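Engineer: only geometry, no sequence info:
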Ligand SMILES: [Mg+2]
């Protein structure tokens, strides 16, 4: 079981992630709707795992990833990407992203990725 922070500007995506992860025994400790709020909540709550959407207003996922890794290099961050974001994915790998999930979501992929990070 992991304590998870979901950061995504899409209400639908947040709800899908929450539902799937809670069904698999994880605790969603909070949600954030952009990168700035995500970094603030990361700092306050220190979740085991963060899911971080790439495309968000205010502060995007790539910048939020860099800020989270600066706060805690051992943080476990799963980037949520969509098709056609290869260049941003490369930026994320350079910034220390631990795993990737691709929209549209695949339930088994979500469960496997989070389980892997939670046991590292
Ligand atoms: Mg988005």
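Structural biologist: Nice, thanks for sending it over. As the structure is a computational prediction, the values presented were derived from the model and not from experiment.
Engineer: check contacts around residue 14.
Structural biologist: Residues in contact with residue 14, defined by C-beta atoms under 8 Å, 6 or more residues apart in numbering, are 6, 8, 31. Backbone N, C-alpha and C define where each C-beta goes, glycine included.
Engineer: kindly recompute the last result at 10 Å.
Structural biologist: Residues near residue 14 by C-beta atoms under 10 Å, 6 or more residues apart in numbering: 6-8, 28, 31-33, 51, 53.
Engineer: just among those, which is most surrounded?
Structural biologist: Highest neighbour count within the contacts of residue 14, by other C-beta atoms under 10 Å: residue 7, with 31 neighbours.
Engineer: is stretch 100-117 positioned near the ion?
Structural biologist: No: under the criterion of C-beta under 5 Å from the ion, the ion is not reached by stretch 100-117; the shortest gap measures 8.5 Å.
Engineer: in that stretch, what's buried?
Structural biologist: For stretch 100-117, a neighbour-count test (16 or more other C-beta atoms under 10 Å) marks 100-101, 103, 110-111, 113-114, 117 as buried.
Engineer: so of those residues, which ones are in strands?
Structural biologist: Mapping these onto strands (DSSP state E) picks out 100-101.
Engineer: which strand or helix spans the residue nearest the centre of the chain?
Structural biologist: Here the mean C-alpha position of the chain is nearest to the C-alpha of residue 51 (C-alpha atoms, centre = their mean), at a distance of 1.2 Å. When elements are defined using DSSP states H and E, residue 51 is found to belong to strand 49-53.
Engineer: what lines up beside that strand in the sheet?
Structural biologist: The partner list of strand 49-53 in its sheet, established with DSSP bridges, is strand 3-7 (parallel), strand 77-81 (parallel).
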